[in-house]
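Participant: Take a look and give me a structure for this.
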Amino acid sequence: MHIPDLIPDIDVSFEGHVAVVEIRRPPHNFFDLRLIEGLAIAYEALDKEASCRAILLCAQGTAFCAGADFSKRDDDAATRRPGVLNPLYTEAIRMFACAKPVVAAVQGAAVGGGLGLAVSADFRVACPEARFSANFNRLGFHPGFGLTATLPRLIGQQKTAMMFYTGRRVGGEEAFQMGLADMLVPREELRSAALKLATEIAISAPLAVVSTRATLRQGLVEAVTAAVNRESHEQDWQRRTEDFKEGVAAMAARREPVFQGR
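Facilitator: Numbering: from 1, shown residues only. A predicted model of the protein is given here:
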């Protein structure tokens, strides 16, 4: 099997027919274009690998993925022409196009785009310490990473609207009750439980699993593509507002934002 050796901050190993894809940017595992591109490259390589029948997506550190690191300048956003799709979302579409089923082990925060990453998986195994948050509106801008398409499909329109408009944190137990998490286990058992689920999937006939998954997820890549095109446009102009500056400043200072609607 050939997995590109130099994928930054991502490790790929095998447990039987399960490929373990681990994000290694502890403790928060902030994402950027390079990380999502690396995941897309790994997924595409695993799609071509016959011995891979399921993927376990996991992360080192206390967070699954705490979203984007807003303490760092986003040069791509600053120089991208209006109307040009955020290249990070181009890579996200590549991830959604993966044919193999994915189980995500969520041990801590899955925030913003990190929530989008968790929701891109077929299943989420969580622990009580997990925290799911679509905090975009609290930061002063539009949700992204295809969540406007994927989250309603998972938990329904009303619960999605609640998560978007309030930016509230949903703990592991509540996430399990609302269908955002598929399994809830003690934190010390999280990785083994997620691996067990992925192994159960890998025991089934691989051609049948891929075929069944394609039927269940038909139209999803197209829906995500349409969603990220709108999300990218909305985010681009909202990143230039005073509200976005206030949202980022308030997050850094750990205080409630005071938005002015401009």
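
Participant: in the protein, which spans are helices?
Facilitator: 33-47, 75-79, 87-96, 113-120, 136-139, 147-155, 157-166, 172-178, 190-203, 206-216, 220-238, 242-253 (DSSP state H).

Participant: if you compare those, which one is most tucked away?
Facilitator: helix 113-120 (a mean of 27; mean count of other CB atoms under 10 Å). Any C-beta I mention is one placed from the backbone N, CA and C, and that applies to glycine too.

Participant: Of the helices of the chain, give the one that comes closest to residue 9.
Facilitator: helix 33-47 (6.0 Å; CB to CB).

Participant: That closest one - contacts with which helices or strands?
Facilitator: Applying 3 or more CB pairs under 8 Å, 6 or more residues apart in numbering; DSSP states H and E, one finds that helix 33-47 contacts strand 10-15, strand 18-23, strand 54-59, helix 87-96.

Participant: Paired strands for the second one, with orientation please.
Facilitator: For strand 18-23, sheet partners with direction are given as strand 10-15 (antiparallel), strand 54-59 (parallel), following DSSP bridges.

Participant: So which residues make contact with that strand?
Facilitator: With contacts defined as CB atoms under 8 Å, 6 or more residues apart in numbering, strand 18-23 is touched by 9-14, 29, 35, 39, 42-43, 46, 49, 52-60, 65, 100, 195, 198-199, 202.

Participant: go on, the first one?
Facilitator: For strand 10-15, the external contacting residues (CB under 8 Å, 6+ apart) are 3, 19-24, 35, 38-39, 42, 46, 51-52, 56, 195, 199.

Participant: What of the last one?
Facilitator: The contact list for helix 87-96, computed with CB under 8 Å, 6+ apart, reads 32-33, 36-37, 39-40, 43-44, 76, 113, 116, 120, 144-146, 220-221, 224-225, 228, 231-232.
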